[in-house]
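Engineer: 3D, please:
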Amino acid sequence: MKRCAFVGLGVMGYPMAGHLHTAGHQTTVYNRTASRAKAWVEEHGGVMAATPVDAVEGVDVVMMCVGNDDDVRSVALGDTGVLAGMVPGSTLVDHTTASAEVAREVAAAAAEIGVSFVDAPVSGGQAGAENGQLSIMCGGTPEVFAGIRPVIDVYAKATVLVGPVGHGQLTKMVNQICIGGLIQGLAEALDFARRAALDLDQVLAAISKGASGSWQMDNRAHTMLERHFDHGFAIDWMRKDFSIVFDEAERLGASLPFTKLADRNYEQLQEQGHGRWDTSAVIELLRED
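Structural biologist: Numbering: from 1, shown residues only. Here you go, the predicted structure:
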């Protein structure tokens, strides 16, 4: 078993850290809002720390799951960041959805002190984190990946090394592009079926196991039809992820017209005050009532 630290106890990090501790890994947690860390310790045991650097004392593996590039830099770098306290031979795993650029930046800073780094964004949403069923796309070396995989597998159903540092984040961008298109198409299809007065349960039974089937269809179709959006992956978060995608696309010279359309739809929902709704709420833009 490993000595671990988990930095960032949001809707994803809180249950992920819980799986670590339940699996027998000695776990210290840090969260910017201390009450969240206190609640985690009361529920799971373990130890809470006052700063990121305090959390990593004597640990083998450090996981981070925070908000964006600036948050990654804040908890990784500087006098109170995790790298100020990590020792040579330990490994830093970043589960934040952030840019490939910041992944390489933190990896370089880690390498200077003999610390390994893996960028490892996740997919599967809050339910995936709670159930230990996340898909994790990792960027790093095969040797480092082999060392940390048994640890992060406790909250994953699929853990894949996709390439060197930065490629985890690039793969997450591919993931978000796919989701953006899938959910738009599903919304239009469901609205079409509703207007055609079809038996929607039977329609979904007929098509969900064929070529049009998807995770979004299996997990979001019924809630979309029920107009239930107070769950899942918030529009605010998706637009943050899309901004990272668009920055990288500009560097690559990639055209993303369909993703830009999805982003404009989400912007419209934000303007209506629905930024915390699940991304499946895009179906609401098709309704007339």
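
Engineer: buried residues in stretch 255-268?
Structural biologist: L256, T259, A262, D263, N265, Y266 (16 or more other C-beta atoms under 10 Å). The way it works is simple: take the backbone N, C-alpha and C, and place the C-beta from them, glycine included.

Engineer: got it, and stretch 119-132?
Structural biologist: D119, A120, P121, V122, S123, G124, G125, Q126, G128, A129, E130, G132.

Engineer: can you give me the helices in the protein?
Structural biologist: Using DSSP state H, the helices of the chain run over residues 13-22, 34-44, 52-55, 69-76, 100-112, 125-131, 142-152, 167-195, 200-207, 215-225, 235-252, 257-271.

Engineer: closest to R287 out of the ones you listed?
Structural biologist: With respect to R287, and counting by C-beta to C-beta, the nearest of the helices of the chain is helix 167-195 at 7.4 Å.

Engineer: Return the list of helices and strands in contact with that closest one.
Structural biologist: helix 100-112, strand 116-119, strand 134-139, strand 156-163, helix 200-207, helix 215-225, helix 235-252, helix 257-271 (3 or more C-beta pairs under 8 Å, 6 or more residues apart in numbering; DSSP states H and E).

Engineer: now the fifth one, how far from the centre of its chain.
Structural biologist: It refers to helix 200-207. Put simply, helix 200-207 sits 30 Å off its chain's centre (C-alpha atoms, centre = their mean, to the nearest Å).

Engineer: same deal with the third one?
Structural biologist: The chain centroid and the centroid of strand 134-139 are separated by 9 Å, computed with C-alpha atoms, centre = their mean.

Engineer: which residues touch that strand?
Structural biologist: The contact list for strand 134-139, computed with C-beta atoms under 8 Å, 6 or more residues apart in numbering, reads 16, 95, 100, 103, 118-124, 128, 145, 152, 155-172, 175.

Engineer: what is the mean pLDDT for it?
Structural biologist: Across strand 134-139, pLDDT averages out at 98.

Engineer: sorry, back to before: comparing the helices of the chain, which yields the minimum mean pLDDT?
Structural biologist: Looking over the helices of the chain, mean pLDDT reaches its minimum on helix 125-131, with a mean of 92.

Engineer: just to revisit the earlier point, any chance of TSV for the buried residues of stretch 255-268, columns distance to V282?
Structural biologist: Shown next, in TSV, are the buried residues of stretch 255-268 (distance: C-beta to C-beta, whole Å):
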residue	distance to V282
L256	17
T259	13
A262	7
D263	11
N265	5
Y266	7
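
Engineer: Nearest to F192 among the residues you listed?
Structural biologist: Top of the list for closeness to F192, among the buried residues of stretch 255-268 and by C-beta to C-beta, is N265 at 16.5 Å.

Engineer: Excluding chain neighbours, what is closest to the closest one?
Structural biologist: Residue nearest to N265 in three dimensions, not counting chain neighbours: V282, with 5.2 Å by C-beta to C-beta, 6 or more residues apart in numbering.

Engineer: can you tell me which residues contact that neighbour?
Structural biologist: Residues near V282 by C-beta under 8 Å, 6+ apart: I183, Q184, A187, A262, N265, Y266, L269.

Engineer: What is the nearest of those residues to D70?
Structural biologist: Using C-beta to C-beta, these come closest to D70 at Y266, 21.5 Å.

Engineer: Distance of the closest one relative to L182?
Structural biologist: 14 Å (C-beta to C-beta, to the nearest Å).

Engineer: same thing with V87?
Structural biologist: V87 is 43 Å from L182, where distance means C-beta to C-beta.

Engineer: How about P150?
Structural biologist: 32 Å.

Engineer: And those two? Which one has more around it.
Structural biologist: The residue with more neighbours, out of P150 and L182, is L182; 18 against 13, by other C-beta atoms under 10 Å.

Engineer: Much appreciated, bye for now.
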